[in-house]
Structure formats: structure tokens, C-alpha cells
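**Q** predicted model and sequence below, questions to follow.
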Amino acid sequence: MASALTYEPVARCSTTKARAATLHLPHGPVPLPIFMPVATQASLKGLSPEQLAETSCRLCLNNTYHLGLKPGQATLDAIGGAHKLQSWPHNILTDSGGFQMVSLLKLAKVTEEGVRFLSPHDGTPMLLTPEHSISLQNSIGSDIIMQLDDVIATTSPDHARIKEAMHRSIRWLDRCIEAHKYPERQNLFCIIQGGLDLDLRRQCCEEMVARDTPGIAIGGLSGGEEKESYCQVVKTCTELLPDNKPRYVMGVGYPEDLVVSVALGADMFDCVWPTRTARFGNAITSKGVLTLRHASFAADFTPIEEGCTCMCCRSEADGGLGITKAYIYHVTAKETAGAHLLTMHNVHYQLSLMRSVREAIIEDRYPAFLNAFFNKLYPNKD
Ligand code: GUN
Ligand code: ZN
């Protein structure tokens, strides 16, 4: 099918399956591997578009389901899409909405037609079909749009349901391809399902790769499965995916999962965790997560992470804010300012981690990078 992206390979690791590339999208180039922060309500909670761009983010995630409810399709059409609505000149990826409804709304029901749910606003029955999701994403104007898929928790014991969801996701992909109005300016990605069953995953890869979408996602993971099973699924899929297309593992965002998934051949990731945990007063650092609400930081006048170049940690002499752990400790208790600062730091951390990953792949020292990364995170283990 038509595409609105170019995948430009840059380097491959000689020992792992890690890849570095540049993904050229309608709103500018994006370095791969990449972490995409989630901006649910048309903005990253607490950050202005300028502040988000300052973290070096050039591709963020929006949700079709949220934008479709508010401001709604008519407003999106009138204003000319989400880039204009949010004053965001860079790239946007939208998830199709079904996954969010099923995970947020206990009352969502999946049928062959689509996902049925009650509006959280007024309780009226609604139906999100593959066609409607694509129509909304066409109105949003996102650079990457996702197919509507049928997602079952990997921990579900209902194998028949997992198999049905995999086959239904393939049928829904066909309906999404058919409904997509602007393949020359918006890139539709398929989503591989199949739970932890490697045979189902293989079948799904084969069927979806044949549909030739511009990019490919691996879905249905990060739902509490064992790391070992997670890795087997990612590895099984990446081995069957074409070399010349971006591969996106949905819902993954812990730093250790990112670096391992890159070694397994994945390129793109998203997760609400870095921004959500910021709002709980937690900072991501190379030595692990710091809970800055803890009183032990009350008189710690060092930056969140020594050497971090984010707006929050950077010294005032270098044009930053020179924020200390003690400052965050004192403001998070009663103000949202601490949450904003931590959001900036956490998003910047994730993006600069991926930048270091990319450099290590380009210089063909990714295994050594992984070693150093895990030694720093878990210094007492081998
Ligand atoms: N976000 C995390 N996992 C998934 C998935 O399997 N499908 C969709 N659409 N979104 C996700
Ligand atoms: Zn920082």
C-alpha cells in the first residue's frame, strides 16, 4: 500500500539484532530507536508544546479515543487536525482507541463489528468500528495511525479467545486499509496479536506482512507476562518482519525493557509510565527510580541526575533551571510544579537513553553498552 514515510537504515549491531535508522515522516525526521511519550489529552500532561519539543521529542503519541470524544471529529475537521489544535509542528502517532476503551472501561464489549462501550460522558451506547477509528484518525491528521485491533491480556487463560482476537485483528486490518482515505500522507501500521502463543504470532506476522503496511507494531504485550515470554514473542515476530520497515512494540517503557527490546530488533516504543510516575513524584535515573517525595531528599541540593542536560537539571549557567532534588521534594507535596519538572526530566531521560542506544549501535558497541547500563542500574548483581 501507499506510504508517507521512508525508513533509512543507518547501522546494524554485529552481535545483536539492534538497528539504528532514520525514519522520515511528514513532519520531519525521527531517529530510531525511539521512545514516544504519551500526550493523552492533546498535550503532555503539564508540558507546553515548547517544553515537550525542548526534551528533543519529535514524535509523540495521542489517543484517538480521547480526541474523538473531546474536541470531537467536527472540531478536528474545522481546525484542520491535531497538529493545529495542539500547536505541535512535529510528528504525531495515534493509537486506534479500542485498546484504551477495553483497558479503561470495564463495560467495553468486542464484537465482529467493533468495540461497544458506554460513553464515559453521558452513558450513551457507542460503537467504535475499524472504519470509524480510521475516519477519526484521518480527521486528527496524525503522521502514523494504528489499525483497530482486538487485544486480549497475555495472561488470559482463554486460548480460543486469543486465537479469535488474532484472526479478528487481521480482518479489521483489511477493513482499516479499505477505509483509510489518505495513505499518501498518513502511515497506517498493522498490529500483530496472538498472545504468548508463538505459532499464532507467526501466523499473524505472515498475514499482516502480506498486507504491506508502511510500519508494523507488536501488540498485546506488557500486560504482566513473564520477561522470558515477552522476549520470545518480540524475537519471534522481529525474525519474521521485513528489514526495511519500522517495528513498534506497544506499551513498553521501562528503561531495561527498552534496551533489551532494541537488542531483539525493535525500533519504537511508547508508554504512559514515565509521565505518570513523574506525577507521583518519581524520577527516572540511570541508577533506578528515585522517589523524591521521600524526606531523605529534603536537603539534597544535587540535580536529579548528575550530568543530565534536561531543562530541569541543567545549571542556570547553561540556560537550564538548575533544579535540585530538595526543590522537587519541597514543591511536590503541595504544587503541580514539581510534577511538571519531573515530567520534563523523565521524558528527556527516556529520549537521551535512546540516543545513547543509537550511538552505541552506530559505533557497534551495543553489547558493551548493555553491560554498562545494567551494571549501573543493578550495581550489586552480576
Ligand atoms: N497499547 C499497548 N498495547 C496495545 C495493543 O496491543 N494494541 C493497541 N491498539 N494499543 C496498545
Ligand atoms: Zn534531568
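**A** Arrived safely. Ligands and ions are numbered 1, 2, ... in the order given.

**Q** tell me the contacts of the single nearest residue of the chain relative to ligand 1?
**A** Going by Cβ to the nearest ligand atom, ligand 1 is nearest to residue 219 of the chain, at 2.5 Å. Bear in mind the C-beta positions are built from the backbone N, C-alpha and C, glycine included. If you count contacts by Cβ atoms under 8 Å, 6 or more residues apart in numbering, residue 219 has them with 99, 149, 151, 169, 191-193, 250-251.

**Q** what does the stretch 151-300 of the chain put close to ligand 1?
**A** 151, 191, 219-220, 250-251 (Cβ under 6 Å from any ligand atom).

**Q** could you point out the longest helix in this protein?
**A** helix 337-362 (DSSP state H).

**Q** run through who's touching the following helix or strand past it.
**A** As assigned by DSSP states H and E, the chain's next helix or strand after helix 337-362 is helix 366-377. Residues outside helix 366-377 that contact it (Cβ under 8 Å, 6+ apart) are 13, 15-16, 18, 255-256, 259-260, 262-263, 286-288, 356-357, 360.

**Q** now helix 366-377: average pLDDT?
**A** Helix 366-377 carries an average pLDDT of 98.

**Q** could the C-alpha coordinates of it be exported in CSV?
**A** Taking C-alpha atoms only, helix 366-377 is exported to CSV below (Å, rounded to 0.1, in the frame of the first residue of the first chain):
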residue,chain,number,x,y,z
TYR,A,366,25.9,-2.3,21.8
PRO,A,367,26.7,-5.3,24.0
ALA,A,368,29.2,-3.3,26.0
PHE,A,369,26.6,-0.6,26.3
LEU,A,370,24.1,-3.1,27.7
ASN,A,371,26.7,-4.3,30.2
ALA,A,372,27.4,-0.8,31.4
PHE,A,373,23.7,0.1,31.5
PHE,A,374,22.8,-3.0,33.7
ASN,A,375,25.8,-2.6,35.9
LYS,A,376,24.8,0.9,36.7
LEU,A,377,21.2,0.0,37.3
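
**Q** what comes up buried for that helix?
**A** For helix 366-377, the buried set under the neighbour-count rule, 16 or more other Cβ atoms under 10 Å, comprises 366, 369-370, 373.

**Q** and stretch 171-189, by the same measure?
**A** In stretch 171-189, counting by 16+ other Cβ under 10 Å, buried: 172-173, 175-177, 179-180, 183, 186-189.

**Q** sorry, back to before: is any part of the longest helix of the chain close to ligand 2?
**A** Yes - Helix 337-362 reaches ligand 2 (Cβ under 5 Å from the ion) through residue 345.

**Q** next, the angle helix 366-377 makes with that helix.
**A** Helix 337-362 and helix 366-377 meet at an angle of 150 degrees, taking axes from the mean of the first three to the mean of the last three Cα atoms, to 10 degrees as the criterion.

**Q** isn't there a helix covering residue 83?
**A** Yes - under the criterion used here (DSSP: H, G, I helix; E, B strand; the rest coil), residue 83 sits inside a helix.

**Q** let's verify the most centrally placed residue in the chain: helix, strand, or coil?
**A** Centroid-nearest residue in the chain: residue 270, 1.3 Å away (criterion: Cα atoms, centre = their mean). Of the three states, residue 270 takes strand under three-state DSSP.

**Q** before we move on, the earlier item: from the contacts of helix 366-377, which ones fall inside strands?
**A** residue 288 (DSSP state E).

**Q** hmm, stretch 115-130 touching ligand 1?
**A** No - Stretch 115-130 stays clear of ligand 1 (Cβ under 6 Å from any ligand atom), getting no nearer than 10.6 Å.

**Q** for that stretch, output the C-alpha coordinates as PDB.
**A** Presented in PDB, the C-alpha positions along stretch 115-130 are these (Å, rounded to 0.1, in the frame of the first residue of the first chain):
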ATOM      1  CA  VAL A 115     -15.900  -2.200  20.200                       C
ATOM      2  CA  ARG A 116     -19.100  -1.400  22.000                       C
ATOM      3  CA  PHE A 117     -19.000   0.800  25.100                       C
ATOM      4  CA  LEU A 118     -20.900   3.400  27.100                       C
ATOM      5  CA  SER A 119     -19.800   7.000  26.700                       C
ATOM      6  CA  PRO A 120     -18.000   8.000  29.900                       C
ATOM      7  CA  HIS A 121     -19.500  11.400  29.400                       C
ATOM      8  CA  ASP A 122     -23.300  10.600  29.300                       C
ATOM      9  CA  GLY A 123     -23.500   6.800  29.300                       C
ATOM     10  CA  THR A 124     -24.900   6.600  25.700                       C
ATOM     11  CA  PRO A 125     -24.000   3.400  23.900                       C
ATOM     12  CA  MET A 126     -21.300   3.900  21.300                       C
ATOM     13  CA  LEU A 127     -19.600   1.600  18.800                       C
ATOM     14  CA  LEU A 128     -16.000   2.100  17.600                       C
ATOM     15  CA  THR A 129     -15.600   0.200  14.300                       C
ATOM     16  CA  PRO A 130     -12.300  -0.100  12.300                       C
END
